[in-house]
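Visitor: Test case, fold it:
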Amino acid sequence: MALEQYIQRIEDKLQLLVRKLQQVQGENVLLKEQIRLNEEELSAQNDAIATLSNKLQMTKIAGNTQGAPSNKEDDDEFKKEMRSKINDYIREIDRCIALLNS
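Guide: Numbering: from 1, shown residues only. Below you'll find the model as predicted:
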């Protein structure tokens, strides 16, 4: 009789473990879905930030080309950025010319 009780207790504990495993697996599925949704939202927010940064840069460029007043630090920073972009464009044009000539 003691052996049967021992086996029954083991079976009960095993069933409890199986239920807990199923519960944890269900939670895991939900958490993975939440992570996926959060990653999609983060990606969308990063895209929005990049778009807004680009618009801000274009607004700065438009303001500076129209003679809008700016402080000295902003003006120097803008000049550096413009020089850098112009140099990048010149390098790209030089590469295109080299490709056309080859």
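Visitor: Grab the most central residue of the chain for me.
Guide: By CA atoms, centre = their mean, the chain has its centre lying nearest to Ser43, at 4.3 Å.
Visitor: if you average pLDDT over the helix or strand hosting it, what comes out?
Guide: In the assignment (DSSP states H and E), Ser43 maps to helix 2-65. The pLDDT scores in helix 2-65 average 91.
Visitor: So which elements touch the next helix-or-strand element following that helix?
Guide: Per DSSP H and E, helix 2-65 leads on to helix 72-101 as the next helix or strand towards the C-terminus. Identification of packing neighbours for helix 72-101 by 3 or more CB pairs under 8 Å, 6 or more residues apart in numbering; DSSP states H and E yields helix 2-65. Every residue, glycine included, has its C-beta placed from N, CA and C.
Visitor: From the contact counts, what lies against the helix it packs on?
Guide: With contacts taken as 3+ CB pairs under 8 Å, 6+ apart, helix 2-65 sits against helix 72-101.
Visitor: in the helix it packs on, what counts as buried?
Guide: Within helix 72-101, the residues scored as buried using 16 or more other CB atoms under 10 Å are Phe78.
Visitor: Stretch 13-26 now?
Guide: The neighbour-count criterion (16+ other CB under 10 Å) identifies no buried residues in stretch 13-26.
Visitor: Extract the C-alpha set from it and format it as CSV.
Guide: Provided in CSV are the C-alpha atoms of stretch 13-26 (Å, rounded to 0.1, in the frame of the first residue of the first chain):
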residue,chain,number,x,y,z
LYS,A,13,3.8,16.1,-8.5
LEU,A,14,4.5,15.2,-12.2
GLN,A,15,1.0,16.5,-13.2
LEU,A,16,1.7,19.7,-11.2
LEU,A,17,5.0,20.1,-13.0
VAL,A,18,3.4,19.6,-16.4
ARG,A,19,0.7,22.3,-15.6
LYS,A,20,3.4,24.7,-14.5
LEU,A,21,5.4,24.0,-17.6
GLN,A,22,2.4,24.7,-19.8
GLN,A,23,1.7,27.9,-17.9
VAL,A,24,5.3,29.1,-18.3
GLN,A,25,5.3,28.1,-22.0
GLY,A,26,2.1,30.2,-22.5
